[in-house]
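[1] The following block contains a protein sequence and its predicted model.
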Amino acid sequence: MYLMYIDESGDSGMRNSPTRYFVLTGVVIHELRWNEYLARMIEFRKRIRNSFGLLLREEIHSARMLNKPGDLVRIKRNDRLSIIKYFVDEIASMQDLSIINIVVDKQGKAEDYDVLDNAWKVLMQRFSNTMSHRNFPGPANPDDRGLIIPDMSEVKKITEILRKMRRYNPIPNQTEYGAGYRNLLVTNFVEDPYFKDSAKSYFIQAADVAAFVLYQRICPSSYMKKKSGHNFFKRLGRVLCTVASTKDPDGIVWL
C-alpha cells in the first residue's frame, strides 16, 4: 500500500484572495518504507532539538514558523529558516519517497472556479495513475492500493471529492470524432481519506514544508528571497514525481 500525506500552501479562495497561487502537495511513501522513514524522521527531529531547541512534539509549520512563531519566537528567525532547509534535505535523502505537486494559478480564472475541487481531483488522479503504472520508486506489491492522509481541514469536501471520483470521473480526451470524455473511475484507493492532526504527523509536516518551498519558488517573500530560501525547492529534485506531468521538468501539474 502507498500512503500519501497531503498539505497545502497559499489561499484557496478566488474572491479577495491574498495569494495568486495555491499549492497542493502529496508526499508518497510505500508501507514497506514507513517504519524506516519514520525512524529517520524521529532521529532528524532529535538532531534539530539538540541543535536549535525545537522539541519533538512541536510542529514544523513553515509559514507560521517564520512569520507567526508563537512560542517558537525563542528560536532565532534565521535558525527557524535553517530548520526548514535541513528538513527539506532530510526529505530529499529518502530515495524511495515521492512528491506530487499541484499548482493552481488563479489569475484569469472565473470567480466561480473551485480551486480546492480542481486541485484535489488532479492530485488524486495523479496518485492513482502513478500507482497503476507502477511508476513510484522503491518497493511494491503486486496489488498495491493507496490511502490518502490529509490534515484536518476541509474534511467534508475532500471526502466527497474522493467518493464521487469512485463513481464518476470524466476525463477529457481527443478522438477522431472530436473532443470527448472517458469515465476513468478511481478504484485503487482504500477507504475514505484518513484525516490527521498535522501536529501529530511528521509526514504531513513534510508535505507542508514541500508545499511551502514550492510556493516560495513561485512567489517568494522578501525575507525568503533575501535568504535564498526561494531556491530550497531545488533541493527536493531527486524525490519529485516527475512523471506526474510531462509539461514541467519537475513534474509540477499547473492548473
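    Okay, I see it.
[2] Pretty sure K196 sits in a strand.
    No: counting by DSSP: H, G, I helix; E, B strand; the rest coil, K196 is not found in a strand; it is coil.
[3] Tell me, how many residues neighbour it?
    Counted with other C-beta atoms under 10 Å, the neighbours of K196 add up to 15. For the C-beta atoms, the positions are set from N, CA and C on the backbone; glycine is no exception.
[4] What residues does it make contact with?
    149-152, 204 (C-beta atoms under 8 Å, 6 or more residues apart in numbering).
[5] ok, which pair from those residues is furthest apart?
    Using C-beta to C-beta, the two most remote members of these are I149 and M152, lying 10.9 Å apart.
[6] list the residues that contact both of those two?
    Joint contacts of I149 and M152 (C-beta under 8 Å, 6+ apart) are 195-196.
[7] Give me the more crowded residue out of these two.
    Higher neighbour count among I149 and M152: I149, with 19 against 12, using other C-beta under 10 Å.
[8] check contacts around the more buried one.
    I149 touches 3-6, 193-196, 201, 203-204, counting by C-beta under 8 Å, 6+ apart.
[9] Would you confirm that F136 belongs to a strand?
    No: going by three-state DSSP, the assignment for F136 is coil, not a strand.
[10] does it really touch T130, like I thought?
    Yes: because the distance of 5.7 Å satisfies C-beta atoms under 8 Å, F136 is recorded as touching T130.
[11] Report the set of residues contacting both of these two.
    Common neighbours of F136 and T130 (C-beta under 8 Å, 6+ apart) are 28, 98, 241.
[12] Show me which of the residues you listed are buried.
    28, 98, 241 (16 or more other C-beta atoms under 10 Å).
[13] For L55, grab the count of nearby residues.
    Residues near L55, counting by other C-beta under 10 Å: 11.
[14] For it, list the residues it contacts.
    L55 neighbours (C-beta under 8 Å, 6+ apart): R49.
[15] Check it and give its pLDDT.
    The model reports L55 with a pLDDT of 98.
[16] Can I get the contacts of K196 in a markdown table including pLDDT and secondary structure?
    Below are the contacts of K196 laid out as a markdown table (pLDDT from 0 to 100; DSSP: H, G, I helix; E, B strand; the rest coil):
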| residue | pLDDT | secondary structure |
| --- | --- | --- |
| I149 | 98 | strand |
| P150 | 97 | strand |
| D151 | 95 | coil |
| M152 | 93 | coil |
| I204 | 98 | helix |
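[17] Output these as a markdown table; include the columns distance to F233.
    Converted to a markdown table, the contacts of K196 look like this (distance: C-beta to C-beta, whole Å):
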| residue | distance to F233 |
| --- | --- |
| I149 | 22 |
| P150 | 21 |
| D151 | 21 |
| M152 | 26 |
| I204 | 18 |
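[18] closest to Y113 among those?
    Closest to Y113, out of all of these and judged by C-beta to C-beta, is P150, at 21.0 Å.
[19] after the longest helix anywhere in the chain, next one along is what?
    The longest helix of the chain (DSSP state H) is helix 31-52. Under the assignment DSSP states H and E, the closest C-terminal helix or strand after helix 31-52 is helix 62-67.
[20] With only the CA atoms kept, save that next one in CSV.
    Written as CSV, here are the backbone C-alpha positions of helix 62-67 (Å, rounded to 0.1, in the frame of the first residue of the first chain):
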residue,chain,number,x,y,z
SER,A,62,6.7,26.5,7.7
ALA,A,63,4.8,29.7,7.1
ARG,A,64,3.7,30.1,10.7
MET,A,65,7.2,29.2,12.0
LEU,A,66,8.7,32.1,10.1
ASN,A,67,6.0,34.7,10.4
